[in-house]
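Chemist: how does the following fold in three dimensions:
(one chain, ligands or ions: 2)
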Amino acid sequence: MIKLNDPTLLRQAALVGGQWIEPDDTGLAVTNPATGGVIGHVPNLGTDETRSAIAAAQTAQKAWTKRTAKDRAQVLRRWFDLMMDHQDDLGAILTAEQGKPLTEAKGEIAYGASFIEWFAEEARRAYGDVTPGHAPDKRIITIKQPIGVVAAITPWNFPNAMITRKAGPAFAAGCAMVLKPASQTPFSAIALAVLGERAGLPAGLFSVITGSARVIGAEMTGNPTVQKLTFTGSTEIGAMLYAQCAPTIKKLGLELGGNAPFIVFNDADLDAAVEGAVIAKFRNNGQTCVCANRIYVQAGVYDAFAEKLASKVATLPTGNGFDEGIVFGPLIDQPAVDKVAEHVSDATSKGATVTLGGKAHALGGTFYEPTILTGVTADMAVATEETFGPVAPLFKFDTEAEVVAAANDTEFGLASYFYSRDLARVWRVSEALEYGMVGINTGLISTAEAPFGGVKMSGLGREGSRYGLDDFMELKYLCMGGIDAAEEA
Ligand SMILES: NC(=O)C1=CN([C@@H]2O[C@H](COP(=O)(O)OP(=O)(O)OC[C@H]3O[C@@H](n4cnc5c(N)ncnc54)[C@H](O)[C@@H]3O)[C@@H](O)[C@H]2O)C=CC1
Ligand SMILES: O=C(O)[C@H](O)CS(=O)(=O)O
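Modeler: Residues are numbered from 1 along each chain as shown. Ligands and ions are numbered 1, 2, ... in the order given. From the prediction side, this is the model:
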């Protein structure tokens with residue numbers, strides 16, 4: 001059992017149109033990936049409940065959008081305050097169902113809450129325009145209005161932040177949201193809904209539906225009342241949902257897979273590059289879409305970088321996320337372990353060398369040793385497939401042109417990173433990399449203030465930043481005519 005200061009935050013129920021529904025004997029078990037133990041159960045809901053939540057969202061949204069932006073901002077601010085007041089409990093729930101170390105989980109709660117804080121502020125800045133007209137009797141006005149009912153589908157790797165990164169701008173804009181969280185991590189989403197009610201989110205504005213992803217997703221993508229689908233997850237599922245939304249011409253927000261290059265030039269600060277590589281590669285045990293999936297090191301510093309990286313990672317312990325000082329928790333499930341093992345096996349069979357780790361951890365279960373591979377080449381699976389685990393493959397390169405071409409040789413375009421202290425090179429490489437985001441001399445780029453998102457097969461739209469609100473709003477053009485000169489009395 002998870003030790004919580006406020007046990008009511010671990011609610012074994014889904015929220016459907018303002019009504020809490022508890023699981024019956026068809027309920028779905030939620031397990032702790034570190035121990036395999038059952039944390040609790042959630043109801044196995046489907047089409048009827050999803051349809052009901054969407055109808056309730058439509059009703060709630062009409063009233064919500066009539067409230068002032070300041071009023072909506074104040075509710076969001078209260079939600080942010082409650083999240084931070086309960087950071088320890090929300091972190092404990094997250095570690096229990098996702099596995100990441102408690103310190104990292106609490107960090108995600110603060111990161112997730114920052115999107116609610118940011119969009120509480122942005123809510124009051126959805127400015128329109130008055131444009132100088134094209135005719136004396138005309139006036140051109142542009143206003144912004146909320147899209148309406150939004151459906152959201154989110155992944156297990158950031159069970160709090162991937163929800164608030166959508167809910168924040170949606171509610172700030174005046175929208176309503178029906179959410180299907182990942183089946184592995186529903187309790188973080190439910191805890192957010194519990195606090196949302198306490199903050200003053202009106203009944204029906206925010207629903208959390210648990211159950212069959214395919215069935216719930218089919219209703220979300222097919223129901224014409226849903227005006228936008230926002231999805232974070234794999235490119236494969238994202239593309240399928242995109243197609244399912246086509247018949248009802250929904251707006252789409254897609255945060256999909258990545259294959260981030262991490263480039264270290266000869267002129268880099270090597271210690272800084274090692275620190276950045278540890279964060280960019282191993283945050284969340286490598287289970288993030290912006291993780292460094294390919295590490296390219298210029299020949300002049302390759303051996304020194306490889307040695308420094310291995311020395312640093314070797315000091316970082318693996319274990320249960322609730323234990324003191326743990327840096328690497330378990331992977332989410334056995335298929336995730338199998339994919340990591342397959343990538344290591346494929347690389348070594350083609351000539352790569354394991355300089356650290358390289359096998360399942362002695363702890364068993366879904367624990368895997370943090371792994372560093374050297375002598376990696378472009379024909380290996382790690383070069384083209386997203387590993388989504390603690391494997392750092394080191395490629396050697398000679399020239400800038402060569403590494404930029406290699407870095408761009410992927411269908412993905414989410415995050416990228418490079419270390420250089422040559423100003424001209426920083427500009428050249430930043431402009432040449434075909435990605436939505438570029439980390440320059442840093443391995444950690446994610447923040448509410450910045451536009452998060454990718455190009456190519458990594459998705460559509462941006463989340464966070466001053467641009468994030470527009471993804472949940474529609475522009476309306478008002479053409480005011482007949483404003484002729486007043487007739488003389
Ligand atoms: N760009 C980004 O911000 C992120 C991308 N990802 C990507 O997602 C993958 C790992 O995360 P997963 O959760 O395993 O991805 P996933 O795509 O399998 O699942 C994501 C969500 O989609 C749901 N889902 C699965 N099949 C569905 C269907 N047929 N209809 C409706 N919903 C369905 C799942 O239940 C979950 O809630 C990796 O490729 C990773 O790169 C993950 C997190 C963030
Ligand atoms: O789900 C993910 O991988 C997140 O988008 C990564 S981040 O926003 O925490 O960097």
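Chemist: for Ala401, report the pLDDT, please.
Modeler: The score at Ala401 is 98. That number is its pLDDT.
Chemist: ok, now how distant is it from ligand 1?
Modeler: 28 Å (CB to the nearest ligand atom, to the nearest Å). Glycine gets a C-beta too; all of them are placed from N, C-alpha and C.
Chemist: what's around that residue, how many residues?
Modeler: For Ala401, the number of neighbouring residues by other CB atoms under 10 Å comes to 11.
Chemist: same question, Asp85
Modeler: 14.
Chemist: also Asn32?
Modeler: Using other CB under 10 Å: Asn32 sits among 19 other residues.
Chemist: surely it touches Ala92?
Modeler: No: proximity of Asn32 to Ala92 does not meet the contact threshold set by CB atoms under 8 Å, at 11.3 Å.
Chemist: say whether ligand 1 is contacted by stretch 290-301.
Modeler: No: Stretch 290-301 lies apart from ligand 1 when judged by CB under 6 Å from any ligand atom; the minimum separation is 7.1 Å.
Chemist: what mean pLDDT does that stretch have?
Modeler: The model assigns stretch 290-301 a mean pLDDT of 98.
Chemist: tell me, what residue is most central in the protein?
Modeler: Met162 (4.2 Å; CA atoms, centre = their mean).
Chemist: pretty sure it sits in a helix.
Modeler: Yes: secondary structure assignment places Met162 in a helix (DSSP: H, G, I helix; E, B strand; the rest coil).
Chemist: tell me who's in contact with it.
Modeler: Contact partners of Met162, counting by CB atoms under 8 Å, 6 or more residues apart in numbering, are 154-155, 232, 255.
Chemist: mind checking which of those land in strands?
Modeler: 232, 255 (DSSP state E).
Chemist: filter the contacts of Met162 by proximity to ligand 1?
Modeler: Near ligand 1, by the rule CB under 6 Å from any ligand atom, you find 154-155, 232, 255 out of the contacts of Met162.
Chemist: related to what we said a few turns ago, would CSV of the contacts of Met162 with distance to ligand 2 and pLDDT be doable?
Modeler: As requested, those are arranged in CSV below (distance: CB to the nearest ligand atom, whole Å; pLDDT from 0 to 100):
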residue, distance to ligand 2, pLDDT
Thr154, 9, 98
Pro155, 6, 98
Thr232, 6, 98
Glu255, 6, 98
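Chemist: reformat the contacts of Met162 as JSON lines; add neighbour count.
Modeler: Listed next are these as JSON lines, based on neighbours: other CB atoms under 10 Å:
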{"residue": "Thr154", "neighbour count": "27"}
{"residue": "Pro155", "neighbour count": "22"}
{"residue": "Thr232", "neighbour count": "26"}
{"residue": "Glu255", "neighbour count": "28"}
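Chemist: residues of the protein that sit close to ligand 1?
Modeler: Counting by CB under 6 Å from any ligand atom, the chain sits next to ligand 1 at 153-157, 180, 182-183, 213-214, 217, 232-234, 237, 255-258, 289, 386, 388, 414, 459.
Chemist: mind giving me the PyMOL select for those, buried ones only?
Modeler: Burial among these is assessed by 16 or more other CB atoms under 10 Å; the matching PyMOL selection reads:
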select buried, resi 153+154+155+156+157+180+182+183+217+232+233+237+255+256+257+258+289+386+388+414+459
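Chemist: which residue is the nearest non-sequential neighbour of Ser212?
Modeler: Gly46 (5.9 Å; CB to CB, 6 or more residues apart in numbering).
Chemist: do Asn157 as well
Modeler: Gln287 (4.7 Å).
Chemist: residues near the one you found, how many?
Modeler: 23.
Chemist: is Thr103 in a helix, a strand, or coil?
Modeler: helix.
Chemist: any idea how far it lies from ligand 1?
Modeler: In terms of CB to the nearest ligand atom, Thr103 sits 20 Å off from ligand 1.
Chemist: how many neighbouring residues does that residue have?
Modeler: Residues near Thr103, counting by other CB under 10 Å: 14.
Chemist: which residues of this structure score low on pLDDT?
Modeler: Within the chain, no range satisfies pLDDT under 70.
Chemist: up against ligand 2, what does the stretch 301-450 of the chain have?
Modeler: Counting by CB under 6 Å from any ligand atom, the stretch 301-450 of the chain sits next to ligand 2 at Ser446.
Chemist: just the helices in the stretch 301-450 of the chain please.
Modeler: Counting by DSSP state H, counting those that start in this stretch, the stretch 301-450 of the chain has helices at residues 302-313, 334-349, 400-408, 423-432.
Chemist: same check on the stretch 101-250 of the chain?
Modeler: Using DSSP H, counting those that start in this stretch, helices in the stretch 101-250 of the chain cover 102-122, 161-173, 186-199, 213-222, 235-245.
Chemist: with distance to ligand 2 added, can I get these in CSV?
Modeler: CSV is the format used below for the helices of the stretch 101-250 of the chain (distance: least, CB to the nearest ligand atom, whole Å):
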stretch, distance to ligand 2
helix 102-122, 7
helix 161-173, 5
helix 186-199, 13
helix 213-222, 17
helix 235-245, 12
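Chemist: so which of these is the most surrounded?
Modeler: helix 161-173 (a mean of 29; mean count of other CB atoms under 10 Å).
Chemist: could you give the angle of that helix to helix 186-199?
Modeler: Computed by axes from the mean of the first three to the mean of the last three CA atoms, to 10 degrees, the angle separating helix 161-173 from helix 186-199 equals 30 degrees.
Chemist: quick one: helix 161-173 to helix 102-122, angle?
Modeler: With the same axes, to 10 degrees as the basis, helix 161-173 and helix 102-122 are set at 10 degrees to each other.
Chemist: now do the closest residue to Gly481 other than its chain neighbours against Met480, distance only.
Modeler: The spatially closest residue to Gly481, leaving aside those adjacent along the chain, is Lys138, at 5.3 Å (CB to CB, 6+ apart). Lys138 sits 7 Å away from Met480, going by CB to CB, to the nearest Å.
Chemist: can you check Gly36 too?
Modeler: For Gly36 relative to Met480 (CB to CB), the value is 65 Å.
Chemist: any idea what Gln19 is bridged to?
Modeler: Val16 (DSSP bridges).
Chemist: as JSON lines, the helices of the stretch 101-250 of the chain with distance to Asn293 would be great.
Modeler: Formatted as JSON lines, these follow (distance: least, CB to CB, whole Å):
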{"stretch": "helix 102-122", "distance to Asn293": "20"}
{"stretch": "helix 161-173", "distance to Asn293": "19"}
{"stretch": "helix 186-199", "distance to Asn293": "25"}
{"stretch": "helix 213-222", "distance to Asn293": "25"}
{"stretch": "helix 235-245", "distance to Asn293": "13"}
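Chemist: show the contacting residues for the residue nearest to Asn157.
Modeler: Counting by CB under 8 Å, 6+ apart, Gln287 has contacts 157, 331-332, 336, 388-389.
Chemist: Lys3: which of those is nearest?
Modeler: Ile332 (22.6 Å; CB to CB).
Chemist: the helix or strand where Glu97 lies - contacts with which helices or strands?
Modeler: For Glu97, the element it lies in under DSSP states H and E is helix 87-98. Helices and strands touching helix 87-98, as assessed by 3 or more CB pairs under 8 Å, 6 or more residues apart in numbering; DSSP states H and E, comprise helix 102-122, helix 186-199.
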